[in-house]
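Visitor: Just a sequence and a predicted model for now, questions to come.
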Amino acid sequence: MILARYIARAMAQGYLLVALVFVALFSFIELIQQLDDVEGAYTLVDAFLYVLMMLPRRLLDATPVIALLGTLVPLGLLADGNEILAMRAAGLPLRRLIGMVLAPGLTLLMLMLLMAQFVAPALEMRAERMRAAALAEDVSVDFRGGFWSRDGRSFLNVGRMLRGRTPSDVTVYDFDDAGRLRRYLHAERASLEQDRVWRLQDVVVKQFEPPPARAQQLAQLDWDSFLDAQQLGVLVVPPQALSPIDLYFYVRDLRARNEQVPQEELRLWQQLAQPLVTLAMMLVAIPLVLGSNRSSTLSRRVLAGTVAGIGLYFVTQTLGYLGLLLHLPAPLTALALPTLILLFAGRLLRRLR
């Protein structure tokens, strides 16, 4: 239908315009922050690459606001040009008009979900590791050969990281003063404990000194790591950098070990709730335009949407901190606000005629 394509094109242009504004804003702010760390191995080119690779994550974080403003702007332009009035006068049902407006938004929602799972986490992990490796000492990272670090005559190699948080294919080489291999450790995986202790699992130990050489297999072995916090940052990405599926398995594994991870659980539920928040912001934007009087200008609507978006961010952060402080269930903390917004949007939509 020609009218549906016309509305879809207008909405897509609105989402693209708002997203470009946020891209420019986030890039500038992020670049200013990174310039403070530009020295030594961390060059200006690295700072630009870091900013570029972090853009998908920044856009994901701002998706609810982009959805709100991206719906307000094009719909407001159509209303100011009396095009919405003409469509209604021509007999276009209100429900069908709302469906046409929401269709591009639902496409945006699907793109956001795909980006959250496949694009943003991979780029953010690469960006964080590149930056940490440039700022850390005695660290080498090859994305094909894994992570290498040394402390005196001890060398550590981590082949890969499972879900960005669990070292796997871990090898430790200890040499003596003459450069001869004194001890060799290899573990299938490791868990990071407190005080720099790595709990190696499925371990093969080969001891060459003192002779004779001997080997043994252990189910578990505690190894005192020599990595400092900055070097460890090259290996372990923050939980917020994980995809929703990886974060779910990470939280599940920690809970299976009877560990309390309230921040990670809250982050997981916030990721799961974000599509709901995004849909709620689209639904709120529609009655703000269709239900407002004609004296309400586009600039006023955009200003109201901007204030609402900023307010949403601060309320979300405040609810998160309160939930952690009061030990509230993570699902309640994460889903309370989008549920209220959906109820509010539903009430506004029912008033439309």
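Guide: All right, it came through fine. As the structure is a prediction and not an experimental result, all values here were calculated from the model.
Visitor: rest of the way, CA atoms for contacts and neighbours
Guide: OK.
Visitor: What segments of the chain are strands?
Guide: For the chain, applying DSSP state E gives strands covering 139-142, 146-151, 154-162, 166-175, 181-192, 197-207, 214-224.
Visitor: got the contact list for Leu218?
Guide: Applying CA atoms under 8 Å, 6 or more residues apart in numbering, we find Leu218 in contact with Gln201, Asp202, Val203, Val204, Val205.
Visitor: try 6 Å
Guide: Shown in contact with Leu218 (CA atoms under 6 Å, 6 or more residues apart in numbering): Val203.
Visitor: Tell me the spacing between it and Trp198.
Guide: Leu218 is 14 Å from Trp198, where distance means CA to CA, to the nearest Å.
Visitor: Which among the strands of the chain is found nearest to Leu75?
Guide: Taking CA to CA as the measure, the strands of the chain were each checked against Leu75, and strand 154-162 came out nearest at 44.8 Å.
Visitor: and that closest one, how far from the chain's centre?
Guide: For strand 154-162, the gap between its own C-alpha mean and the chain's C-alpha mean amounts to 25 Å (CA atoms, centre = their mean, to the nearest Å).
Visitor: try stretch 97-114
Guide: Averaging C-alpha coordinates over stretch 97-114 and over its chain gives two centres that are 20 Å apart (CA atoms, centre = their mean).
Visitor: Which positions within it qualify as buried?
Guide: Neighbour-count burial for stretch 97-114, with 16 or more other CA atoms under 10 Å as criterion, is recorded at Leu97, Met100, Val101, Leu102, Ala103, Pro104, Gly105, Leu106, Leu108, Leu109, Met112, Leu113.
Visitor: Tell me the predicted confidence for the fourth one.
Guide: According to the per-residue confidence, Leu102 scores 94 in pLDDT.
Visitor: count of neighbours near the residue nearest to it when sequence neighbours are not counted?
Guide: Residue nearest to Leu102 in three dimensions, not counting chain neighbours: Met282, with 7.4 Å by CA to CA, 6 or more residues apart in numbering. The burial metric for Met282, expressed as a neighbour count using other CA atoms under 10 Å, is 25.
Visitor: go on, Asp195?
Guide: Neighbours of Asp195 (other CA under 10 Å): 8.
Visitor: okay, Arg351: pLDDT?
Guide: Per the predicted model, pLDDT is 86 at Arg351.
Visitor: what about the spatially closest residue to it that is not a sequence neighbour, distance to Ala103?
Guide: Once its chain neighbours are removed from consideration, Arg351 has its nearest residue in Gly291; the separation is 8.0 Å (CA to CA, 6+ apart). When CA to CA is the yardstick, Gly291 and Ala103 sit 20 Å from each other.
Visitor: Also Ala345?
Guide: Distance of Ala345 to Ala103, computed by CA to CA: 17 Å.
Visitor: Tell me where the model's unsure across the stretch 151-300 of the chain.
Guide: 292-296, 298 (pLDDT under 70).
Visitor: same deal with the stretch 1-150 of the chain?
Guide: For the stretch 1-150 of the chain, the stretches with pLDDT under 70 are 137-145.
Visitor: can you put the strands of the chain in JSON lines and add distance to Leu60?
Guide: As requested, the strands of the chain are exported to JSON lines (distance: least, CA to CA, whole Å):
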{"stretch": "strand 139-142", "distance to Leu60": "27"}
{"stretch": "strand 146-151", "distance to Leu60": "28"}
{"stretch": "strand 154-162", "distance to Leu60": "23"}
{"stretch": "strand 166-175", "distance to Leu60": "25"}
{"stretch": "strand 181-192", "distance to Leu60": "29"}
{"stretch": "strand 197-207", "distance to Leu60": "33"}
{"stretch": "strand 214-224", "distance to Leu60": "38"}
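Visitor: Which among those is found nearest to Ala256?
Guide: The closest of the strands of the chain to Ala256 is strand 181-192. By CA to CA, the value is 13.1 Å.
Visitor: tilt between that closest one and strand 197-207?
Guide: For strand 181-192 and strand 197-207, the angle between their directions (axes from the mean of the first three to the mean of the last three CA atoms, to 10 degrees) works out to 150 degrees.
Visitor: what lines up beside strand 181-192 in the sheet?
Guide: Taking DSSP bridges as the criterion, strand 181-192 sits next to strand 166-175 (antiparallel), strand 197-207 (antiparallel) in its sheet.
Visitor: CA-only coordinates of the last one in PDB, if you can.
Guide: Same thing as strand 197-207. C-alpha atoms of strand 197-207 as PDB (Å, rounded to 0.1, in the frame of the first residue of the first chain):
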ATOM      1  CA  VAL A 197      44.000 -17.100  42.700                       C
ATOM      2  CA  TRP A 198      43.000 -19.100  39.600                       C
ATOM      3  CA  ARG A 199      41.300 -22.400  40.300                       C
ATOM      4  CA  LEU A 200      42.600 -24.600  37.400                       C
ATOM      5  CA  GLN A 201      40.500 -27.500  36.300                       C
ATOM      6  CA  ASP A 202      41.500 -30.700  34.400                       C
ATOM      7  CA  VAL A 203      45.100 -29.900  34.900                       C
ATOM      8  CA  VAL A 204      48.300 -31.600  33.500                       C
ATOM      9  CA  VAL A 205      51.500 -30.800  35.500                       C
ATOM     10  CA  LYS A 206      54.900 -31.600  34.100                       C
ATOM     11  CA  GLN A 207      57.800 -31.100  36.500                       C
END
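Visitor: Okay then, goodbye and thanks.
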